[in-house]
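Colleague: sequence first, then the predicted structure:
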Amino acid sequence: LKVAMSAICTLVVPAYNAEDFLEATLESVRNQTLHNFLCLIVDDSSTDRTSDIAAQYARRDPRFSIIRHQANSGLSAARNTGLRAVTTRYVAFLDSDDLLMRESLALRVDACEQARHDPLTIGAYCASMTITETRKSIPKLAPRQLPEVSFLSVAGDCPFNANQPMCVTDRLRRLGGFNERFTQAEDYELWTRVLRAGYRFRSVHFIAVTYRRRRGSMVRQRPLNHLTEALALNASAHVALPSWVSFDSDAQPFACAYSAYREASDVASRTLSFFAMSAGR
């Protein structure tokens with residue numbers, strides 16, 4: 001109970017038949033420079049040693065705990081199970097085959113804390129490094145300049161993968177978490193919704209998480225399905241929101257199409273430049 005009360009963030013790790021990678025993933029979590037975190041492993045009804053590996057960490061470190069699905073429910077459902085159970089101010093996600101650099105949680109928590117009283121900032125994100133399928137060692141932190149992310153800055157593109165952001169738990173939960181109808185591009189859909197609701201992400205100027213490239217990944221097995229979902233999500237930013245769409249958000253949603261805001265921004269910029277020329281004369 002004392003550990004839970006002092007924790008500032010929770011890392012949700014959805015895991016399904018992840019015995020080949022889970023130990024390296026959880027070890028990267030255990031070695032974080034930030035100590036007051038929780039790690040919630042959601043075992044999505046695995047049939048291998050995933051549950052045993054998770055239980056080993058839960059027994060020896062009170063910051064780790066497990067929730068087990070009775071039936072396999074999919075990645076989005078596992079993440080949402082974790083999100084519903086989070087009691088800390090901030091939440092982040094880590095796939096069961098990926099790794100955190102040692103400073104990853106500390107850097108993102110610090111950026112979130114700096115924006116704690118900003119109602120428009122929902123979180124902070126870092127850069128990601130792609131690693132090979134066989135790598136188990138944790139890469140070192142490396143600098144990388146990154147922009148702030150908003151609806152206007154991404155123009156409908158996917159800003160990052162699920163492992164990169166840390167979010168204000170309450171705000172992300174109120175927006176509904178991951179859409180469980182999506183079997184691919186589910187993180188793209190969530191970030192599209194978050195940004196359309198009017199929120200933005202601060203940047204942490206480091207590569208602090210990894211993404212493991214695997215031959216058997218869902219994207220590689222069904223690339224055209226992923227492409228179809230991604231194109232539809234990109235297109236959604238370029239049309240006005242339907243009148244029936246609303247968000248449980250502290251921010252003002254972007255109801256118009258992206259092009260309308262882009263045009264208004266260009267007009268404002270040009271107007272200001274001419275005013276500056278006039279003032280100079």
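Modeller: It's in. Residues are numbered from 1 along each chain as shown.
Colleague: mind saving the C-alpha coords of stretch 97-107 as PDB?
Modeller: What follows is stretch 97-107, C-alpha atoms only, in PDB (Å, rounded to 0.1, in the frame of the first residue of the first chain):
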ATOM      1  CA  ASP A  97       8.900  -7.200 -26.300                       C
ATOM      2  CA  ASP A  98      10.200  -3.600 -26.000                       C
ATOM      3  CA  LEU A  99      12.700  -1.900 -23.700                       C
ATOM      4  CA  LEU A 100      13.100   1.300 -21.700                       C
ATOM      5  CA  MET A 101      16.300   3.200 -21.500                       C
ATOM      6  CA  ARG A 102      17.200   3.700 -17.800                       C
ATOM      7  CA  GLU A 103      16.100   7.400 -17.700                       C
ATOM      8  CA  SER A 104      12.900   6.900 -19.700                       C
ATOM      9  CA  LEU A 105      10.300   7.200 -17.000                       C
ATOM     10  CA  ALA A 106      12.100  10.000 -15.100                       C
ATOM     11  CA  LEU A 107      12.500  12.200 -18.200                       C
END
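Colleague: list the residues that contact the nearest residue to V91 once chain neighbours are set aside.
Modeller: Excluding its sequence neighbours, the residue lying closest to V91 (Cβ to Cβ, 6 or more residues apart in numbering) is T169, at 4.5 Å. From N, CA and C alone the C-beta is placed, and that goes for glycine too. In this structure, T169 makes contact with 10, 83, 86, 88-91, judged by Cβ atoms under 8 Å, 6 or more residues apart in numbering.
Colleague: as TSV, those residues with distance to S46, pLDDT and neighbour count would be great.
Modeller: Conversion of those to TSV gives the following (distance: Cβ to Cβ, whole Å; pLDDT from 0 to 100; neighbours: other Cβ atoms under 10 Å):
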residue	distance to S46	pLDDT	neighbour count
T10	21	98	25
L83	20	98	21
V86	21	98	21
T88	25	98	19
R89	30	98	16
Y90	27	98	25
V91	22	98	28
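Colleague: switch those over to TSV; also include secondary structure.
Modeller: As requested, the contacts of T169 are arranged in TSV below (DSSP: H, G, I helix; E, B strand; the rest coil):
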residue	secondary structure
T10	strand
L83	helix
V86	coil
T88	coil
R89	coil
Y90	strand
V91	strand
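Colleague: farthest pair within these?
Modeller: The largest distance within the contacts of T169, taken as Cβ to Cβ, falls between L83 and R89 and amounts to 13.5 Å.
Colleague: related to what we said a few turns ago, where's the residue nearest to V91 relative to I131, distance?
Modeller: T169 sits at a distance of 28 Å from I131 (criterion: Cβ to Cβ, to the nearest Å).
Colleague: now do Q252
Modeller: Q252 sits 39 Å away from I131 when distances are taken as Cβ to Cβ.
Colleague: out of the two, which sits in the busier spot?
Modeller: I131 (18 against 11; other Cβ atoms under 10 Å).
Colleague: report the beta-bridge partner residues of that one.
Modeller: Applying DSSP bridges to I131 gives these bridge partners: R212.
Colleague: tell me which stretches of the stretch 1-150 of the chain form strands.
Modeller: 9-15, 37-43, 64-68, 90-93, 121-131, 142-143 (DSSP state E, counting those that start in this stretch).
Colleague: nearest to H205, of these?
Modeller: Each of the strands of the stretch 1-150 of the chain was checked against H205 via Cβ to Cβ, and the shortest separation belongs to strand 142-143, namely 6.0 Å.
Colleague: elements contacting the next helix or strand after that closest one?
Modeller: Using DSSP states H and E, the next helix or strand after strand 142-143 towards the C-terminus is helix 151-154. Applying 3 or more Cβ pairs under 8 Å, 6 or more residues apart in numbering; DSSP states H and E, we find helix 151-154 packed against helix 186-196, helix 258-280.
Colleague: what residue ranges in the stretch 151-281 of the chain score low on pLDDT?
Modeller: Within the stretch 151-281 of the chain, the stretches with pLDDT under 70 are 216-221, 265, 267-281.
Colleague: list the buried residues of stretch 170-179.
Modeller: 171-173, 175, 177-178 (16 or more other Cβ atoms under 10 Å).
Colleague: cool, and stretch 239-247?
Modeller: Counting neighbours by 16+ other Cβ under 10 Å, one finds that the buried residues in stretch 239-247 are F247.
Colleague: just to revisit the earlier point, next one: the residue nearest to V91 relative to L233, how far apart?
Modeller: Taking Cβ to Cβ as the measure, T169 and L233 are separated by 24 Å.
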